[in-house]
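1. 3D, please:
(chains A and B)
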2 protein chains.
Amino acid sequence: MQIVELIRKKRDGHSLSTAEIDWLIDQYAKENIPDYQMSAWLMAVYWRGMDARETSDLTLAMARSGEELHVRDTISPVIDKHSTGGVGDKVTLAVAPLVAACGVAVGKMTGRGLGHTGGTLDKLESVRGFRSALTRDEFMRILTRHHIVLAGQSGDLAPADGKMYALRDVTGTVESIPLIAASIMSKKLAIGASHLLLDVKVGSGAFMKSVEQARELAQTMVNIGRLAGLHTVAAITSMEQPLGRAIGNALEMAEAIAILRGDGPQDVSALCYHEAAELLVMTGIAQNFAEAEGVLSKQFIQELQSLSWPK
Amino acid sequence: MQIVELIRKKRDGHSLSTAEIDWLIDQYAKENIPDYQMSAWLMAVYWRGMDARETSDLTLAMARSGEELHVRDTISPVIDKHSTGGVGDKVTLAVAPLVAACGVAVGKMTGRGLGHTGGTLDKLESVRGFRSALTRDEFMRILTRHHIVLAGQSGDLAPADGKMYALRDVTGTVESIPLIAASIMSKKLAIGASHLLLDVKVGSGAFMKSVEQARELAQTMVNIGRLAGLHTVAAITSMEQPLGRAIGNALEMAEAIAILRGDGPQDVSALCYHEAAELLVMTGIAQNFAEAEGVLSKQFIQELQSLSWPK
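-> Next comes the predicted model:
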């Protein structure tokens, strides 16, 4: 195969075959395809888009480019969760312990802030002594023992995506729905949870400004998950105003703890309970939302009684 | 300025300002803009196009990126001629001496074959001992003394175009009319003749397959010439079959000499006389085509009598 032929094919609006996409990502990861050719291909993708099969192929090729954890082979169900990013979004910090307390393992690698949005990893690191860089063994040991692990993203996870994202960032090719979806989902597939809840933010504070865009991104990611055997559900939620009242790493940690105590602001607390309930239904812990809310209340009180919270 | 902003601007279908294009080409020529960003910009141009003012600005910026000969400051009128390339196209080899014999200086840098088309330089070099690489001083001395010079293209001429063309060749961004026009015209402006005749080939053997494409390319180049003060005329001529009977460097040299002797095939001879007549009218040597043909016949016979042709 010749990269310039694949650039021309996409430029002219055709779909690349599975073999072509596999070759492209493999050769790019091996540095056999230079950035100046990949960036031309990425701009052609920005222009022409990719169909569902191509997007899924790209995601799988990137997921396979590095280490794969297959966490669901060790513990199941094990959930992963992803927010496309907003302002004051501390939902993961509350939802992960909520569902873990109900018996659903949480194995998540989490990222830094992107653009104007905060990153869960940055927020976690505002806790003195919190170490986010875990080896694969540490990650798996904590998951097995405590059923909850939030760690920084390993550089060995989907390295082709890391390399491609850095290139997209400087070549005006970030805002492409298939490329965004493939980037997010490649890391999720490499971790290999059994269930994934996506929170696609929409509105003036989000990357997706319209519900149509958000729905397209959500649908694209759900399709990729389904094709790859990862049970995926997406929620589209508003980012027209900040979530809760706290913005800032340490402040958001404190607000996440307040949510778990039942003292959180109504808006963000409701979103956390909704997402936790969704995860309980997805994983079969509860049959429906009403049952899930019952489980959460009961579990919530028990957990609160057994924990000593930092002041 | 930031290159990623200029990529986004073109990607989103906007026009770049004169200052933005000047900065882009200047920084690219200085290697301050890496190829991976330029190739994304080029793909965005391939997609969105450029308006007449942008195309002219790009051409001028590339023309100014290296040495400029300003040949019309030394001798005027002085003509340049360009064919977009065909099969068996030896027209320059006959037209240049024809018009030079009529008192119109010819100062042309000529190129090698491109794709399936032959290059005038390759044909000239089939003559034993022909040296095509001339210094600027040699070029100007031969032009002043003999009123005709055909030389290989100096690497110092529009170097930003050379660098950009090499990148376009490997990133699927060759076939863009504003980029093709700017590439051709930047070298013409750097030489600085007073009059330019463009022969835009159209048909199955040409890069432009349809008359519409050929007309768009011709019009784009004529606009650039006019905006830059270079009197430019374009002819759109057929490349549905090879020109004349000879294809191959030495064979085409022999056929060009046969055309000058009056022994050339009818099709290519007619095209040569037509282009020579056009140049005589453009430069004011003749008032109209009928007069131009008279001048050519008379001059032609005198020249033939004074020359000894190689066998």
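
2. Could you list which residues are in contact with the nearest residue to residue A:159 once chain neighbours are set aside?
-> Of all residues beyond its chain neighbours, the one nearest residue A:159 is residue A:66 (4.3 Å), with distances taken as CB to CB, 6 or more residues apart in numbering or on different chains. The way it works is simple: take the backbone N, C-alpha and C, and place the C-beta from them, glycine included. Applying CB atoms under 8 Å, 6 or more residues apart in numbering or on different chains, we find residue A:66 in contact with A:156, A:157, A:158, A:159, A:160, A:190.

3. With residue A:172 instead?
-> A:43, A:46, B:4, B:7, B:8, B:11, B:40, B:44.

4. And residue A:157, by the same measure?
-> Residues in contact with residue A:157, defined by CB under 8 Å, 6+ apart, are A:66, A:67, A:69, A:109, A:187, A:190, A:191.

5. How many neighbouring residues does the fourth one have?
-> For residue A:109, the number of neighbouring residues by other CB atoms under 10 Å in any protein chain shown comes to 22.

6. Which residues are in contact with the nearest residue to it once chain neighbours are set aside?
-> For residue A:109, the nearest residue in space outside its immediate sequence neighbours is residue A:153; the separation is 4.3 Å by CB to CB, 6+ apart. Under the criterion of CB under 8 Å, 6+ apart, the contact partners of residue A:153 comprise A:109, A:110, A:111, A:121, A:187.

7. Helices - which of the contacts of residue A:172 land there?
-> Under the assignment DSSP state H, those contribute A:43, A:46, B:4, B:7, B:8, B:11, B:40, B:44 to helices.

8. Redo those as CSV? Include neighbour count and pLDDT.
-> Listed next are the ones in helices among the contacts of residue A:172 as CSV, based on neighbours: other CB atoms under 10 Å in any protein chain shown; pLDDT from 0 to 100:
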residue, neighbour count, pLDDT
A:43, 33, 98
A:46, 24, 98
B:4, 17, 97
B:7, 26, 98
B:8, 19, 98
B:11, 22, 98
B:40, 34, 98
B:44, 27, 98
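
9. Would you format the residues you listed as CSV with distance to residue A:253 included?
-> As requested, the ones in helices among the contacts of residue A:172 are exported to CSV (distance: CB to CB, whole Å):
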residue, distance to residue A:253
A:43, 40
A:46, 37
B:4, 33
B:7, 38
B:8, 35
B:11, 38
B:40, 39
B:44, 42
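
10. What distance do you get for the residue of the stretch 201-311 of chain A found nearest chain B to residue A:84?
-> In the stretch 201-311 of chain A, no residue comes nearer to chain B than residue A:209, which is 14.1 Å away by CB to the nearest CB. Computed as CB to CB, to the nearest Å, the residue A:209 to residue A:84 distance reads 12 Å.

11. Between these two, which is the more surrounded one?
-> It is residue A:84, of residue A:209 and residue A:84, that has more neighbours when counted by other CB under 10 Å, with 25 against 13.

12. For that one, give me its contacts.
-> Taking CB under 8 Å, 6+ apart as the test, what residue A:84 contacts is A:180, A:184, A:198, A:199, A:200, A:201, A:206, A:207, A:208, A:217.

13. hmm, try it at 6 Å
-> Neighbouring residues of residue A:84 by CB atoms under 6 Å, 6 or more residues apart in numbering or on different chains: A:200, A:201.

14. With the one 4 residues further on instead?
-> With CB under 6 Å, 6+ apart as the criterion, the residues that contact residue A:88 are A:242, A:243, A:244, A:247.

15. can you give me phi and psi for the residue nearest to residue A:230 when sequence neighbours are not counted?
-> Nearest in space to residue A:230, with sequence neighbours left out and distances taken as CB to CB, 6+ apart, is residue A:196 at 5.5 Å. The main-chain torsion angles of residue A:196 are listed as degrees, to the nearest 10 and equal phi -130, psi 130.

16. Could I get the contacting residues of residue A:28?
-> The neighbours of residue A:28, taking CB under 6 Å, 6+ apart as the test, are residue A:38.

17. The nearest residue to residue A:206 once chain neighbours are set aside: neighbouring residues, count only.
-> Counting by CB to CB, 6+ apart, the nearest residue to residue A:206 once its immediate chain neighbours are dropped is residue A:239, at 3.8 Å. Residues near residue A:239, counting by other CB under 10 Å, number 26.

18. what about residue A:239, distance to residue A:119?
-> In this structure, residue A:239 lies at 15 Å from residue A:119, with CB to CB as the measure.

19. Please apply the same query to residue A:110.
-> Separation of residue A:110 from residue A:119 (CB to CB): 7 Å.

20. ditto for residue A:279
-> According to CB to CB, residue A:279 and residue A:119 sit 21 Å apart.

21. higher neighbour count, the two?
-> A count of neighbours by other CB under 10 Å puts residue A:279 above the other of residue A:279 and residue A:119, at 27 against 18.

22. what sits against the more buried one?
-> Contact analysis of residue A:279 by CB under 6 Å, 6+ apart lists A:79, A:99, A:197.

23. Am I right that the second one is in a helix?
-> Think residue A:99. Yes - assignment of residue A:99 by DSSP: H, G, I helix; E, B strand; the rest coil places it within a helix.

24. Where do the strands of chain A begin and end?
-> With DSSP state E, the ranges of strands along chain A come out as A:78-83, A:105-110, A:148-152, A:195-202, A:231-238.

25. Parallel or antiparallel, list what pairs with the third one.
-> Same thing as strand A:148-152. Next to strand A:148-152 in the sheet, as set by DSSP bridges, lie strand A:105-110 (parallel).

26. hang on, the earlier thing: most neighbours of all the contacts of residue A:279, which one?
-> Counting neighbours by other CB under 10 Å, the top entry in the contacts of residue A:279 is residue A:99, with 31 neighbours.

27. Alongside chain B, which residues does the stretch 151-300 of chain A contribute?
-> Residues of the stretch 151-300 of chain A that fall close to chain B, judged by CB under 6 Å from any CB of the partner chain: A:170, A:171, A:172.
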